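1. From the sequence below, what's the structure:
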Amino acid sequence: MRPHRLRAVAVAAALLVGLTACGGESGSKKGESTGKAASGASFPITIEHALGRTTIPAKPERVATVNWANHEVPLALGVVPVGMAAANFGDDDDDGILPWVKEKLTELHADTPVLFDETDGIDFEAVADTKPDVILASYSGLTKQDYETLSGIAPVVAYPEAAWATPWREIIQMNSKAIGLADEGEKLIGEVEGDIAETVAKYPQLKGKSAMFMTHVDPNDVSEVGFYTAHDTRTLFFEDLGLKIPDSIAEASKGTKQFALTKSAEQIDAFDDVDIITGYGDDRGELLTTLKKDPLLSKIPAVERGSVYLLPGSAPLATAANPTPLSISWVLEDYVAALAKAADKVT
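-> Just a heads-up that it's a prediction; the model follows:
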């Protein structure tokens, strides 16, 4: 896989002054006035989200993040968190850090922040030990109880509407606003959009094709097919790539906030309008072989003609298909090229 480094976002030099190698300070020197952020944001600020309203009294110096991807926003803007969740999927070398995050830490000459082990849920004690001024969780699955417990440690920015359903642009907007770098966050969005446009332009065969993202499917039991709904970030990302959400997926997504649903194999004719299927496979390709051999699933038009690309197991590429601020540009060329190859088989 060829890594694609995210182009640096222009951030005023003053933002980087005072950053320690381990991220002990995030954004300004201790003792400096934090009433006015470099991007012009005045503190205190209040951010509304699905779990309440959070007021951040001053520009945070110590930024902690929980759950998936939230740490990527401050890192992309040159701010090293004091603590962040350890990667628990796609971490092929088991060091708790995904490759695009490791690249950014290296670029910033920063040590690895404290890694929170979230295997059994949020480690509240570990978060508290980092003494954060703010906790970023705009892309997360926080419960109300999680939110209240974390709020006893520091102000918490939760997801805007539903758990695990915050699009990558909103992740950037909410998290950058919380740390006083909203303008820089908008610049970052523009950089990522530019990378997407440049890459997608190479593959015109994708334009207008419909795509479905399958969830993890057990090759030993394909009696049901799981898929991500129109609320999920993986599905929404198709539109960034010039693809569209099939009517079957859009219709099934109505009336629910769930990010994933299932259909029994007997109902797979609902997916007749799907041009391309992608999803999570396995390193040996067993799931794709199973789909092709199954008497019902093999009749899905996309499967029948070979317009299927299953991501390789739990590798970083599979992880990055869930678009996050730093992973998008890292994985974009490989992911889009594979989808385009599947699109070539659509007549």
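2. Give the buried residues for stretch 126-144.
-> 126-128, 130, 132-142 (16 or more other Cβ atoms under 10 Å). C-beta coordinates here come from the backbone N, C-alpha and C atoms, glycine included.
3. Low-confidence ranges, the protein, go.
-> 1-40, 283, 320 (pLDDT under 70).
4. if we go to 50?
-> 1-37 (pLDDT under 50).
5. which residues in it form helices?
-> For the chain, applying DSSP state H gives helices covering 13-16, 72-76, 99-107, 124-129, 144-151, 168-178, 182-200, 233-240, 247-253, 286-293, 301-305, 316-320, 327-343.
6. residue contacts, the residue nearest to Pro316 when sequence neighbours are not counted?
-> For Pro316, ignoring the flanking residues on the chain, the nearest one in space by Cβ to Cβ, 6 or more residues apart in numbering is Gly90 at 4.8 Å. Residues near Gly90 by Cβ atoms under 8 Å, 6 or more residues apart in numbering: 98, 314-320.
7. same check, this time on His71
-> Contacts of His71 (Cβ under 8 Å, 6+ apart): 65, 81, 84-85, 101, 113, 136.
8. Please repeat the previous calculation with a cut-off of 6 Å.
-> 65, 81, 84 (Cβ atoms under 6 Å, 6 or more residues apart in numbering).
9. How about it, nearest residue that isn't a chain neighbour?
-> Met84 (3.7 Å).
10. Equivalent analysis for Ala343, please.
-> Gln205 is the one closest to Ala343 (Cβ to Cβ, 6+ apart), at 4.5 Å.
11. what separates that neighbour from Leu243, distance-wise?
-> 11 Å (Cβ to Cβ, to the nearest Å).
12. got it, and Ser223?
-> 28 Å.
13. between those two, which one's more packed in?
-> Leu243 (24 against 12; other Cβ atoms under 10 Å).
14. Distance check, the nearest residue to the more buried one once chain neighbours are set aside against Ser298.
-> Once flanking residues are discounted, Leu243 sits nearest to Ala211: 4.5 Å by Cβ to Cβ, 6+ apart. According to Cβ to Cβ, Ala211 and Ser298 sit 19 Å apart.
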